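1. model this:
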Amino acid sequence: MDDWKTATKLVHAGARRSQYGEMSEAIFLTQGFVYDSAEAAEARFIEAGPDEFIYARYGNPTVRMFEERMAAIEGTEDAFATASGMAAVNGALTAMLKAGDHVVAARALFGSCLYVLDLLARFGVEVTFVDGTDLDQWRAAVREGTKAVFLEAVSNPTLEVIDVAAVAGIAHGVGATVIVDNVFVTPTFSKAVELGADVVVYSATKHIDGSGRCLGGVVCGTRQYIRKVLEPYLKHTGGAMSPFNAWVMLKGLETLNLRVHQQAASAQAVAEAIAGHPKLARVIYPGLADHPQHRIAMEQMGSGGTVVTLDLAGGQPAAFRFLNALGIVKISNNLGDAKSIATHPATTTHQRLPADQKALLGITPGLVRLSLGIEDTGDLVADVMAALDAA
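-> Here you go, the predicted model:
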C-alpha cells in the first residue's frame, strides 16, 4: 500500500471486511462490543489489540477504517477521527498544552479557532499572534520553550498562503510542534508532512464529505502523538466521530480527487474571468499570478485551491446585491461542497470578531467567499458575472 498513489489510497486504504466479504465498507453501528469471558473483558481494558475495540467513544471498526485511510493519504503513522472540525482543532491543541506553555499562532484564523486560543489563554497558556506571511514575525515570536505553532496553511477567508516549510524550520529549531489546519489545501493537494508539519488537522465536514451531509474532523500525526497525547483527551471528553459519519466520510474520500480537481479548475476560471471587473476592489485567489503568495501556493499545492474571495467596491450593500442575484451558487456558510456556495464572512462566519480585528484580517464589508462546486464551469462563470453586473 505504501507504493500506491493518493487516488488509489483514497479508495482502498484502511479497508476492513467482515466474514461476508462486503464490497462497500460496512457500518458497524454499535456503541459497545461483546467479550467471550470476564477475563477477556479485563484483558482488553488493560490493553486492546490492533483490531480490538472497547467502546465507540474510544474507537469503532468503521471509524478506524476512516482513520487509517486518512493517515495513509497524509503520510502519517496514525490518525484520530472527531465529531467535527473544531473538535479536531480543539483536541490537537488542548491535548498537548497546559498552563505556562507558549503557543505562536497565525492571526488569520477561522473565528472558532480564535475562540479556542482565547480559551486556552484564559487557562494560562501564553498565546502570541503573528502575521502568518511574515517570517520575521515568526522568528521574533518563537523562542526556547515554545511548545507549538498553529496555522491555517491557507487562511479563511482571505486566502493568505503561509510558507509551511519555513515556519516548520523555525519551530523545529526550538523543538516546537507544528500543527497545520489544512482544510483549504485538501488532502488532494496536501504536502503538509513533506513540508514539515507534525500534526495535520482537517474539518472532514468540508471537502472530505463533499456533499453537505455530516459533521466530522480528523487529526493526523505520529502514533505517539495520536495514541498517547490526543486519544486520552478525546476519548474522555467525548469528541468522537460516529460510525455512520465515518462511513459517509469513507464514501466521500472515494470521489475526493475527482471533485477537488474540478472545483479547483472552476475556481481558477472564475478568478480569471472576474479579475479587473469594475465592481470589484480586489480578487483574491492563490492561483492568480498577482496573489502575494502565488509562488508558495504553486510549490506547496500545485493549485490555487477551490475557493475564490472577492471584495466588492460598494461594500456590504453591493455584496448583498451580488449574493441575492446569484442563481446557481447558493448562499450558505459551508465550503468544499459539490454545490457552489457563497458566504459573507463579515456578517456570518466572522461576525463576532471586533471591527478592528476584522479590519486587521482584511475582512471588509464587501468581502465574499466563493466555494466552487462541481457544476459546469461555464455555467458558474456566467452566474458570477451576471451577479456582479447586478451588484
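2. where are the low-confidence patches of the stretch 251-391 of the chain?
-> For the stretch 251-391 of the chain, no stretch is flagged by pLDDT under 70.
3. quick one: the strands in it?
-> 280-284, 307-312, 330-331, 341-343, 367-371 (DSSP state E, counting those that start in this stretch).
4. other residues contacting the fourth one?
-> If I follow you right, that is strand 341-343. 157, 322-323, 326, 329-335, 349, 368-371, 373 (CB atoms under 8 Å, 6 or more residues apart in numbering). All C-beta spots, glycine's among them, are computed from the backbone N, C-alpha and C.
5. now with 7 Å?
-> Defining contact as CB atoms under 7 Å, 6 or more residues apart in numbering, one finds that strand 341-343 is touched by 323, 326, 329-335, 349, 368-371.
6. list the contacts for the residue nearest the centre of the chain?
-> When CA atoms, centre = their mean is applied to the chain, the residue found nearest the centroid is residue 183 (2.2 Å). Shown in contact with residue 183 (CB under 7 Å, 6+ apart): 85, 202-203, 206.
7. which of those sits closest to residue 253?
-> The nearest member of those to residue 253, counting by CB to CB, is residue 202 at 11.0 Å.
8. pretty sure the closest one is touching residue 216, no?
-> No. Counting by CB atoms under 7 Å, residue 202 does not reach residue 216; the two are 8.7 Å apart.
9. these two: which has the busier surroundings?
-> Neighbours were counted for residue 202 and for residue 216 using other CB atoms under 10 Å; residue 202 has more, 33 against 28.
10. quick one: contacts for the closest residue to the more buried one other than its chain neighbours?
-> Excluding its sequence neighbours, the residue lying closest to residue 202 (CB to CB, 6 or more residues apart in numbering) is residue 218, at 5.2 Å. Neighbouring residues of residue 218 by CB under 7 Å, 6+ apart: 67, 70, 79-82, 88, 202, 204.
11. in three-state terms, label residue 218 for me.
-> strand (DSSP: H, G, I helix; E, B strand; the rest coil).
12. same check, this time on residue 202
-> At residue 202, secondary structure determined by three-state DSSP is strand.
13. and the gap between it and residue 129?
-> Using CB to CB, to the nearest Å, residue 202 is found at 23 Å from residue 129.
14. in helices, which of the contacts of residue 218 fall?
-> 67, 70, 88 (DSSP state H).
15. neighbours around the first one, how many?
-> By other CB under 10 Å, the residues close to residue 67 number 24.
16. same check on residue 152?
-> By other CB under 10 Å, the residues close to residue 152 number 25.
17. list the beta-bridge partners for it.
-> residue 181 (DSSP bridges).
18. in this structure it contacts residue 179, no?
-> No. The criterion here is CB under 7 Å, and residue 152 misses it with residue 179 at 10.3 Å.
19. residues touching residue 254, list them.
-> 10-11.
20. separation between it and residue 68?
-> 15 Å.
21. okay, helices next: where are they in the stretch 151-300 of the chain?
-> Here the stretch 151-300 of the chain has its helices, by DSSP state H, counting those that start in this stretch, at 164-172, 186-189, 192-195, 223-224, 231-237, 243-254, 256-274, 294-300.
22. same list, those, but as a markdown table with distance to residue 25 please.
-> Putting the helices of the stretch 151-300 of the chain into a markdown table (distance: least, CB to CB, whole Å) gives the following:
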| stretch | distance to residue 25 |
| --- | --- |
| helix 164-172 | 32 |
| helix 186-189 | 18 |
| helix 192-195 | 25 |
| helix 223-224 | 23 |
| helix 231-237 | 22 |
| helix 243-254 | 5 |
| helix 256-274 | 15 |
| helix 294-300 | 31 |
